[in-house]
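> Okay, here's the prediction I keep looking at, along with the sequence it came from:
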Amino acid sequence: MKNDIRNELKAELDKMQKELHARDVNYTRLQSDLERYKEEEKKLSKYNLTLRMSLKEKNNQLEDVKGHQLFLQKLLEDRKCDKDKDNASTQCEAQTQ
């Protein structure tokens, strides 16, 4: 009878130790996954920062190009006005002569 109780308790202890080991293995795997995810998050964060900085630089370049384009457009309009004024004064001179 004592042996039966002892065997039953030993079986229960073995069962609990197996469950504990399985949980420990699962916990270790989860810890490993968590560390891997944290490293991946750091990499993605750095990549995201790099992309945002690159986008900001491209936007600055675009603004520079737009400013240059407006300058050239204004210059072209001024030259057209000057050319129109020259043509108008030449026509006026031709009519008076």
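Nice, I can see it.
> tell me which element the residue nearest the centre of the chain is part of?
Geometric centre of the chain, nearest residue: Asn48, 3.1 Å, by C-alpha atoms, centre = their mean. Counting by DSSP states H and E, the element that carries Asn48 is helix 2-96.
> I'd like to know which elements that helix is packed against.
If you count contacts as 3 or more C-beta pairs under 8 Å, 6 or more residues apart in numbering; DSSP states H and E, helix 2-96 packs onto no helix or strand. From N, CA and C alone the C-beta is placed, and that goes for glycine too.
> Quick one: mean pLDDT for that helix?
Mean per-residue pLDDT for helix 2-96: 90.
> what about it, distance to the chain center?
Computed by C-alpha atoms, centre = their mean, to the nearest Å, the chain-centroid distance of helix 2-96 equals 0 Å.
> where's the residue nearest to the centre of the chain relative to Ala11, distance?
54 Å (C-beta to C-beta, to the nearest Å).
> And for Leu62?
Noted for Leu62: a distance of 74 Å to Ala11, by C-beta to C-beta.
> cool, Lys66 as well?
Distance from Lys66 to Ala11, by C-beta to C-beta: 80 Å.
> likewise Leu55?
According to C-beta to C-beta, Leu55 stands 64 Å off from Ala11.
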